[in-house]
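*Asks:* here is a sequence with its predicted model. Questions after.
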Amino acid sequence: MRYTFDMPTLLLKPGREKSLLRRHPWIFSGAVEQITGNPQPGETVEVRDAQGNWLARAAYSPASQIRARVWTFDPQEAVDADFFRRRISAALKQRAVFGLSPLPVGEGPGARAVSDAMRLIHAESDGLPGLVVDRYGEILVLQSLTAGCEFWRETLADLLLEQTGAAALYERSDADVRELEGLPPRAGLLRGSNIESRITISEYGLKFIVNIQTGHKTGFYLDQRANRRRVGELAQGRDALNCFCYTGGFSIHAAAGGAKSVLSVDTSGEALSLGRENALLNGIKADSVSTGSTTILDWLEADVFTALRKFRDQNRSWDLIILDPPKFAPTAAQAEKAARGYKDINRLAFKLLRPGGILVTFSCSGGIDAALFQKIVASAALDAGVEAQIVEYLAQGPDHPVSVHFPEGAYLKGLVCVRG
Ligand code: SAH
């Protein structure tokens, strides 16, 4: 049966409304029976089941396998500037509860209590699919990852400044996932003027330089904030090895927490040189010169897979090893190959760990869930021939919430293991 509707409408195949009734925000191309009204990319469409019953209002994305993403499940709620104002405001209030986002920027209770850098909008989990906004001091950095966000980009930019009082908004819509939406990469200043690309932020009293123009993602791995502090607490008196160190987040926390030595490994020379600067900024010696209680800090530009094998051949060992690799499996399709990569580095790390040593190991792959990650780590310990216990489970911080209706949002998994 063909229907006609006043508004651009996406009609689902029979039975394909189930995930929407559970409030999951994605509509895959295979679920769509018919599209009426010739909607443009990013335009709002009404979503109806095969019987024509109204289900949701969503952003249309013709180039993507995810054909539409839901803005609202409320038939009374229009998708307009006020809608986005309400969603942004709700997200900012949630952050303030956790001492993260003073309103407006720089004022109010809890300001700078934890950090002046945080994720303000976490896409689907904040009811704004495809929109990521991070705050670094007075500057906001935006990633628009879907056709829907692209459509509302100017409105979103205005509302973000209005709601936060931030001085400027920089765009880093240069992530690979935009290709899947048929969108070209884009980066540059969206609002404000004359901003510095290097911003110094503070995190639990430690300082870090973030380059919002050239850094990974929007500049810093904000999702690991609490885990970096935890590593700092565990580091006292230990020799630490930080693999995939980026700009030294875990390294600086470990050094400040009283580690005896920290060796940091990454393939990116630019990240390592920021790491050295970060060490100096926090009054930690940047070279391998031990003076009194100073931590011995070393930075190694190398591939971790190769470096760990070399350390094994040299019989080196540590009491604390951190593994925070990049996403090996963005989706479930790459899970098998990714699993081999995770197992390899975890097996080598267990071998390099002294008895009683601590392994803090992460996966940020959406394609590997927590249960599978734990299995991989278990078989890595088995192959390494060591006993190990899990003593803590770690995850992304509260500024990276997971909507209960969107389990895909829980991407960062961490295990703290103690070697027997
Ligand atoms: N722990 C960091 C974030 C790590 S992100 C923090 O808290 O800030 C992952 C890092 O792995 C990136 O810096 C990237 O340059 C690095 N990387 C990717 N592949 C690598 C490899 N094979 N060997 C070493 N480093 C690698």
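*Replies:* Perfect, thanks for sending it.
*Asks:* contacts and neighbour counts: CA atoms only from here.
*Replies:* OK.
*Asks:* let me see the ranges of the helices in this protein.
*Replies:* Along the chain, the segments classed as helices by DSSP state H run 18-21, 81-97, 147-151, 153-164, 225-234, 249-256, 269-281, 304-313, 335-352, 370-384.
*Asks:* okay, those in TSV with distance to the ligand, mean neighbour count and mean pLDDT next?
*Replies:* Formatted as TSV, the helices of the chain follow (distance: least, CA to the nearest ligand atom, whole Å; neighbours: other CA atoms under 10 Å; pLDDT from 0 to 100):
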stretch	distance to the ligand	mean neighbour count	mean pLDDT
helix 18-21	33	14	98
helix 81-97	20	17	94
helix 147-151	26	23	98
helix 153-164	25	18	97
helix 225-234	7	20	97
helix 249-256	4	28	97
helix 269-281	6	19	96
helix 304-313	4	15	98
helix 335-352	10	21	96
helix 370-384	17	18	97
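*Asks:* among those helices, which comes closest to Ser115?
*Replies:* helix 225-234 (8.8 Å; CA to CA).
*Asks:* quick one: that closest one to chain centroid distance?
*Replies:* 17 Å (CA atoms, centre = their mean, to the nearest Å).
*Asks:* packing partners for that helix?
*Replies:* Here helix 225-234 touches helix 249-256, going by 3 or more CA pairs under 8 Å, 6 or more residues apart in numbering; DSSP states H and E.
*Asks:* and the angle for the helix it packs on with helix 269-281?
*Replies:* Interaxial angle, helix 249-256 versus helix 269-281 (axes from the mean of the first three to the mean of the last three CA atoms, to 10 degrees): 30 degrees.
*Asks:* quick one, helix 249-256 and helix 225-234 angle?
*Replies:* Using the same axes, to 10 degrees: helix 249-256 against helix 225-234 is 30 degrees.
*Asks:* convert helix 249-256 to PDB, retaining C-alpha atoms only.
*Replies:* Written as PDB, here are the backbone C-alpha positions of helix 249-256 (Å, rounded to 0.1, in the frame of the first residue of the first chain):
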ATOM      1  CA  GLY A 249      47.900  12.000  30.200                       C
ATOM      2  CA  PHE A 250      48.500   8.800  32.200                       C
ATOM      3  CA  SER A 251      52.200   9.500  32.400                       C
ATOM      4  CA  ILE A 252      51.900  12.900  34.100                       C
ATOM      5  CA  HIS A 253      49.300  11.600  36.500                       C
ATOM      6  CA  ALA A 254      51.500   8.600  37.400                       C
ATOM      7  CA  ALA A 255      54.600  10.800  37.900                       C
ATOM      8  CA  ALA A 256      52.600  13.300  40.000                       C
END
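*Asks:* next, the contact list for the residue nearest the centre of the chain, please.
*Replies:* Most central in the chain under CA atoms, centre = their mean is Asp223, positioned 5.2 Å from the mean C-alpha point. With contact set as CA atoms under 8 Å, 6 or more residues apart in numbering, Asp223 has these partners: 396-397, 399-400, 412.
*Asks:* so can I have JSON lines of those showing neighbour count?
*Replies:* Below are those laid out as JSON lines (neighbours: other CA atoms under 10 Å):
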{"residue": "Gln396", "neighbour count": "21"}
{"residue": "Gly397", "neighbour count": "18"}
{"residue": "Asp399", "neighbour count": "24"}
{"residue": "His400", "neighbour count": "24"}
{"residue": "Leu412", "neighbour count": "21"}
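*Asks:* taking the stretch 301-420 of the chain, what residue is nearest to the ligand?
*Replies:* When scored by CA to the nearest ligand atom, the stretch 301-420 of the chain has Asp303 as its residue closest to the ligand, at 3.4 Å.
*Asks:* tell me, how many residues neighbour that residue?
*Replies:* By the measure other CA atoms under 10 Å, the count of residues near Asp303 is 14.
*Asks:* contacts only, for the nearest residue to it once chain neighbours are set aside.
*Replies:* Once flanking residues are discounted, Asp303 sits nearest to Thr267: 5.5 Å by CA to CA, 6 or more residues apart in numbering. Thr267 makes contact with 244, 301-304, according to CA under 8 Å, 6+ apart.
*Asks:* repeat that with 7 Å
*Replies:* 301-303 (CA atoms under 7 Å, 6 or more residues apart in numbering).
*Asks:* what residue ranges in the stretch 1-150 of the chain score low on pLDDT?
*Replies:* By pLDDT under 70, the low-scoring segments of the stretch 1-150 of the chain are 1-3, 101-113.
*Asks:* measure Leu272 to Ser251 for me?
*Replies:* Plainly put, Leu272 is 11 Å away from Ser251 if you go by CA to CA, to the nearest Å.
*Asks:* near the ligand, which residues of this structure?
*Replies:* The chain comes close to the ligand at residues 221, 224, 244-247, 249-250, 266-268, 302-304, 324-326, as judged by CA under 6 Å from any ligand atom.
*Asks:* what's around Gly52, how many residues?
*Replies:* Using other CA under 10 Å, Gly52 has 15 other residues around it.
*Asks:* relative to Phe73, how far out is the nearest residue to it once chain neighbours are set aside?
*Replies:* Spatial nearest neighbour of Gly52, chain neighbours left out: Leu11 (7.2 Å); criterion: CA to CA, 6+ apart. The gap separating Leu11 from Phe73 is 15 Å, by CA to CA.
*Asks:* Ala271 reaches Phe244, doesn't it?
*Replies:* No: in this structure, Ala271 is not within contact of Phe244 by CA atoms under 7 Å, at 10.0 Å.
*Asks:* of the residues of the chain next to the ligand, grab the buried ones for PyMOL.
*Replies:* This is how PyMOL selects the buried members of these, with burial counted by 16 or more other CA atoms under 10 Å:
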select buried, resi 221+224+244+245+246+247+249+250+266+267+268+302+304+324+325
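*Asks:* taking the residues of the chain next to the ligand one by one, which sit in strands?
*Replies:* Asp266 (DSSP state E).
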